[in-house]
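Trainee: Have a look at this prediction, sequence included:
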Amino acid sequence: MAERQQLLDTKVLIVEDEYLIMDEVKRIVEAAGGIVVGAHGNLDDDVFERSALRTDIAMLDINVRGKMIYPLADVLRERGVPFIFATGYDFESIPDKFASVPRIQKPFDADELVNALADTRTRTSHAG
């Protein structure tokens, strides 16, 4: 990834239960100028109550310690917070109501992640 600051001052929530992936995502987001406002390895109340309130965009793993991410995705959608799915699951397994959500397949590279977050954030800010 070049020195581009595609996520400059963008507040990013990360929900990923594999520590090494979460740590890498944090590094990638920060290198692109983003601010990680929460990095969660589970679906505790803090994700729903605090982190989801102060974020501009989120990257969500679909299965977090055996729990599906969809309740949090519903909360983010209700609050107007855009998000992407990062998953090793088949895209066909994602419920139809999330068919329009951008997604990247694990394993992904830094450019793919940054582009997906930046494109989703830009598209959402122009739509609203």
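Mentor: Cool, the structure landed. The structure presented is a predicted model; accordingly, all values stated were derived computationally and were not measured. Residues are numbered from 1 along each chain as shown.

Trainee: So, low pLDDT: which residues of this structure?
Mentor: 1-3, 126-128 (pLDDT under 70).

Trainee: just the helices in this protein please.
Mentor: With helices called from DSSP state H, the chain shows them at 19-31, 45-49, 70-78, 110-127.

Trainee: Which positions in the second one come out as buried?
Mentor: Pointing back at helix 45-49 there. Neighbour counts over helix 45-49 (16 or more other CB atoms under 10 Å) mark Val47 as buried. For every residue, glycine as well, the C-beta is placed using N, CA and C.

Trainee: wait, isn't Glu31 in contact with Ala110?
Mentor: Let me fix one detail, which is that residue 31 is Ala and not Glu. Yes - using CB atoms under 8 Å, Ala31 is in contact with Ala110, at 7.5 Å.

Trainee: who's Phe85 bridged to?
Mentor: Leu60, Arg103 (DSSP bridges).

Trainee: State the distance from it to Leu8.
Mentor: Distance, Phe85 to Leu8, using CB to CB, to the nearest Å: 23 Å.

Trainee: out of these two, which sits in the more crowded spot?
Mentor: Set Phe85 next to Leu8 and count neighbours by other CB atoms under 10 Å: Phe85 wins out with 22 against 11.

Trainee: Who are the contact partners of that one?
Mentor: By CB atoms under 8 Å, 6 or more residues apart in numbering, the residues touching Phe85 are Leu60, Asp61, Ile62, Ile69, Ile94, Phe98, Val101, Pro102, Arg103, Ile104.

Trainee: I'd assumed Met59 was in contact with the fourth one.
Mentor: So the one you mean is Ile69. No - using CB under 8 Å, Ile69 is not in contact with Met59, being 10.5 Å away.

Trainee: So what's the residue count around Leu20?
Mentor: 8.

Trainee: related to what we said a few turns ago, more neighbours: Ile69 and Met59, which one.
Mentor: Comparing Ile69 with Met59 by neighbour count (other CB under 10 Å), the higher total belongs to Met59, at 25 against 22.
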